[in-house]
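Q: Have a look at this prediction, sequence included:
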Amino acid sequence: MGSRFVEASAEATERMNAVRAEYFSQLTIATIKVLFDTKLRKRGDKIVLGRMMKANDLIRRLTDDLAEEGCDYILFLDQIAYENIPPEDKTRLVRHELRHCKITGTPEKPRFKVIPHDLEDFTIEVELNKDCIGWASNAAQLALGIYEQVEDDRKDKEAVPAPKKKFFLKKG
């Protein structure tokens with residue numbers, strides 16, 4: 001059984017960097033590691049497509065190969081959802097998660113924070129996504145369908161009886 005979290009694809013990291021450069025110039029001082037979450041994660045009855053975490057001292061130490069002080073944030077993306085949604089929804093998801101990042105303090109001593117939504121989403125994201133307001137719901141339904149199919153396949157595989165072994169008695 002593998003780890004729940006795996007390195008994100010180069011495409012996901014490149015997309016995060018492109019979205020950050022286009023929309024979040026203030027985050028260019030932050031080191032952000034992107035990981036895929038390989039297991040279904042829910043909050044209430046909703047699938048978690050992505051989440052942003054501020055790095056603590058342990059995470060910083062474990063990621064000091066990325067930057068001298070380690071990473072500042074970890075962006076978790078649901079692997080099934082990310083790999084199966086269209087490119088424009090990938091951008092929407094990454095952009096939404098980057099909105100959780102806030103940097104305060106001074107350039108010499110920045111303080112990294114994770115902030116909550118100002119609504120169920122971010123007001124600005126609602127405006128940016130007005131052409132496709134149901135993108136997150138569609139992505140969640142797609143991912144849930146795939147998770148259910150994987151689980152059904154696993155159950156079917158377990159339900160197949162093993163071939164019966166034949167035993168022979170030796171005479172004599």
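A: Right, received. Where do you want to start? Numbering: from 1, shown residues only.
Q: Could you list the buried residues of the helix or strand of the chain with the lowest mean pLDDT?
A: Ranking every helix and strand in the chain by mean pLDDT, DSSP states H and E puts helix 123-128 at the bottom, with a mean of 84. By 16 or more other C-beta atoms under 10 Å, the buried positions in helix 123-128 come out as Glu125. In short, each C-beta sits where N, CA and C put it, glycine included.
Q: Next: stretch 64-78.
A: 70-78.
Q: With stretch 29-44 instead?
A: Buried, per 16+ other C-beta under 10 Å, within stretch 29-44: 30-37, 40.
Q: chain center to that stretch: distance?
A: Centre-to-centre, stretch 29-44 and its host chain are 3 Å apart (C-alpha atoms, centre = their mean, to the nearest Å).
Q: Same check on stretch 68-79?
A: With C-alpha atoms, centre = their mean as the basis, the mean position of stretch 68-79 lies at 10 Å from the chain mean.
Q: Give me the residues contacting it.
A: If you take C-beta atoms under 8 Å, 6 or more residues apart in numbering as the criterion, stretch 68-79 is touched by 5-6, 8, 12, 16, 30-38, 40-41, 47-55, 59-64, 93-94, 97-98, 101, 112, 114, 143.
Q: for the record, mean pLDDT for that stretch?
A: In this model, stretch 68-79 carries a mean pLDDT of 93.
Q: Extract the CA atoms of it and return them as CSV.
A: The C-alpha trace of stretch 68-79 is given here as CSV (Å, rounded to 0.1, in the frame of the first residue of the first chain):
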residue,chain,number,x,y,z
GLU,A,68,16.9,27.1,2.4
GLU,A,69,14.1,27.5,4.9
GLY,A,70,11.9,24.7,3.4
CYS,A,71,8.5,25.3,1.9
ASP,A,72,6.0,27.9,3.1
TYR,A,73,2.9,26.2,1.9
ILE,A,74,1.7,22.8,0.7
LEU,A,75,-1.0,22.7,-1.9
PHE,A,76,-2.8,19.4,-1.8
LEU,A,77,-4.9,18.4,-4.9
ASP,A,78,-7.2,15.4,-5.2
GLN,A,79,-5.3,13.3,-7.8
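Q: Please tell me how far Ala140 sits from Arg41.
A: Here Ala140 is placed at a distance of 11 Å from Arg41 (C-beta to C-beta, to the nearest Å).
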